[in-house]
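Trainee: Curious how this folds, go ahead:
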Amino acid sequence: MSAQRRADDLASALARRGAGVAIVPTLAVQRHADEARLIEQTRRLLSSAPDVIVVTTGFGLRGWIETADASGLGEAIAALLAGTRVLARGPKAAGALQQVGVRAQWVAPSESSQEILAVLLDEGVTGRRIAVQLDGVGDPALVEGLRRAGATVVELPVYRCAEPADPRATGRAARELGDGRFDAVAFTSAPGADGWLNSLHDSGCVDRVRARVDDGSLLLAAVGPQTAEPLLAAAMPAVWPERSRLGSLVRLIVAELSRRAITVDTPAGLLRIFAQDAAVADTALGLSAGSLAVLRLLASRPGVVVDRETILGVLPGESSDPHSAEAAVWRLRSSLPDPEIIATVARHGYRLEAGPTS
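Mentor: This is a model prediction of the structure:
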């Protein structure tokens, strides 16, 4: 996960479905980065109400209201929102408005600031006063586009995106992605996706990761189309749910990983193999790297005998002793719900039994 905001919520939802999750924020979010200016701008709005308020993120709206409330302005901001035309940049921003009892008059379906700009320019903004709750990178295209068209823009800086707190962790995660140690990366913001791409370039892993994305062994899942834009611009195919919600993103990740996993029907149930582990009948096996490598090899040719020399070729290290292959198969069998899933074929090797129990 490249997220910092709501990372625990997303991680918990995936963990409840059996996933192992690593949270590696590719950017840091600095709240209250310019609180004095935010309060000053808020007081300006309260003394002279704008024609339109644009809410770009749910996180930003909640931060604005919390900051205003700490200065004794919370109720006044709620009343201002209720009495002003409000546009929301996507369902998450609209949902945050609903939580404070405000219904957005228009919601950008693709979470794009360009959509909001197009709607406002079509209406005409000359001489109008428009308040924009800025996202973490400032949304310069929206702000400058409105100003060029003749609007007066009041900027509301609630938070700021910055470099990750632990660059070494992002670099390590980038290398592990290239090594095939993760099945998916989840993104909840476009700046986070940009930061992730930068971490790949900085670590020299972009080509290896791109190869995994292209061959389908690494899933890139974004919460919405705007979040996916940096990935698509970098020729990294990504998927996103129809509704830009964390719950929808979780369900999409689960469905996509199940579809992409190496699967074999065995007498003990459906075997699924992922980057770091495998499961039989939806029960995780907790395999070591060596056991997983052997299982992946056998599952790549179910029902076919694989000799000991071939098994030795996928094990860590450089052993040429056939007994090492036998020991690896023994360890793998000890982790399976039914050891007979792997059959021994005397003087030839081992075979993964395919097909349900008769």
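Trainee: in the stretch 201-350 of the chain, which spans are helices?
Mentor: Ranges of helices in the stretch 201-350 of the chain, per DSSP state H, counting those that start in this stretch, are 206-215, 225-233, 246-260, 289-299, 308-314, 322-335.
Trainee: ok, and what's touching the second one?
Mentor: Applying C-beta atoms under 8 Å, 6 or more residues apart in numbering, the external contacts of helix 225-233 come out as 90, 110-112, 187-190, 192-194, 197, 220, 222, 237-240. For glycine as for every other residue, the C-beta is placed from the backbone atoms N, C-alpha and C.
Trainee: And that helix, what's buried?
Mentor: Buried residues in helix 225-233, counted by 16 or more other C-beta atoms under 10 Å: Pro225, Gln226, Thr227, Ala228, Glu229, Pro230, Leu231.
Trainee: what's the spacing between it and its chain's center?
Mentor: From the chain centre to the centre of helix 225-233 is a distance of 12 Å (C-alpha atoms, centre = their mean, to the nearest Å).
Trainee: average model confidence for it?
Mentor: Per-residue pLDDT values over helix 225-233 give a mean of 89.
Trainee: quick thing: my sequence starts at 332, can you match it?
Mentor: In the new count, where the first residue is 332, that last one comes out as helix 556-564.
Trainee: Just want the angle from it to helix 537-546.
Mentor: Computed by axes from the mean of the first three to the mean of the last three C-alpha atoms, to 10 degrees, the angle separating helix 556-564 from helix 537-546 equals 110 degrees.
Trainee: Out of the contacts of helix 556-564, which end up buried?
Mentor: Applying 16+ other C-beta under 10 Å to those flags 421, 442-443, 518-521, 523-525, 528, 551, 553, 569, 571 as buried.
Trainee: Need the max-distance pair from those.
Mentor: The distance between the two most remote of these (C-beta to C-beta) is 21.5 Å, for Gly421 and Leu528.
Trainee: isn't Leu601 right next to Ala609, touching?
Mentor: No. Applying C-beta atoms under 8 Å as the test, Leu601 and Ala609 come out as separate, 10.8 Å apart.
Trainee: Buried ones in stretch 604-612, by neighbour count?
Mentor: Quick answer for stretch 604-612 (16+ other C-beta under 10 Å): Ile604, Phe605, Ala606, Gln607, Asp608, Ala609, Ala610, Val611.
Trainee: mind checking how far the second one is from Leu341?
Mentor: When you say that, I think you mean Phe605. Noted for Phe605: a distance of 18 Å to Leu341, by C-beta to C-beta, to the nearest Å.
Trainee: likewise Pro670?
Mentor: Here Pro670 is placed at a distance of 37 Å from Leu341 (C-beta to C-beta).
Trainee: which one of those two has more residues nearby?
Mentor: Each of Pro670 and Leu341 has its neighbours counted (other C-beta atoms under 10 Å); Leu341 has more, 22 against 14.
Trainee: related to what we said a few turns ago, Serialize the helices of the stretch 532-681 of the chain to a markdown table and add fields for distance to Leu411.
Mentor: Shown next, in a markdown table, are the helices of the stretch 532-681 of the chain (distance: least, C-beta to C-beta, whole Å):
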| stretch | distance to Leu411 |
| --- | --- |
| helix 537-546 | 45 |
| helix 556-564 | 26 |
| helix 577-591 | 28 |
| helix 620-630 | 57 |
| helix 639-645 | 64 |
| helix 653-666 | 61 |
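Trainee: With respect to Pro495, which of those helices lies nearest?
Mentor: Closest among the helices of the stretch 532-681 of the chain, using C-beta to C-beta: helix 556-564, at 15.7 Å.
Trainee: Let me know the pLDDT of the nearest residue to Ser379 once chain neighbours are set aside.
Mentor: Ranked by C-beta to C-beta, 6 or more residues apart in numbering and with sequence neighbours excluded, the top spatial neighbour of Ser379 is Arg460, at 7.5 Å. Predicted confidence (pLDDT) for Arg460: 97.
Trainee: Also Glu657?
Mentor: Looking at Glu657, its pLDDT reads 93.
Trainee: Also Val355?
Mentor: Confidence score, pLDDT, at Val355: 88.
Trainee: so where does it fall, helix or strand?
Mentor: Element membership for Val355 (DSSP states H and E) is empty, with no helix or strand holding it.
Trainee: Just the CA atoms from stretch 589-609 would do, formatted as CSV, please.
Mentor: Extracted C-alpha coordinates of stretch 589-609, given in CSV (Å, rounded to 0.1, in the frame of the first residue of the first chain):
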residue,chain,number,x,y,z
SER,A,589,-8.2,-14.6,-7.1
ARG,A,590,-8.5,-14.4,-10.9
ARG,A,591,-4.8,-13.9,-11.5
ALA,A,592,-3.5,-16.5,-9.0
ILE,A,593,-2.0,-19.8,-10.2
THR,A,594,-4.8,-22.2,-9.5
VAL,A,595,-5.0,-26.0,-9.5
ASP,A,596,-8.0,-28.1,-8.4
THR,A,597,-6.6,-30.8,-6.0
PRO,A,598,-8.2,-33.6,-3.9
ALA,A,599,-7.9,-31.3,-0.8
GLY,A,600,-9.5,-28.3,-2.5
LEU,A,601,-8.6,-25.4,-4.8
LEU,A,602,-4.9,-24.5,-4.6
ARG,A,603,-4.1,-20.8,-5.2
ILE,A,604,-0.5,-19.6,-5.3
PHE,A,605,0.5,-16.0,-4.7
ALA,A,606,3.7,-14.1,-4.5
GLN,A,607,4.6,-14.9,-0.9
ASP,A,608,2.3,-17.8,0.1
ALA,A,609,-0.3,-20.3,-1.1
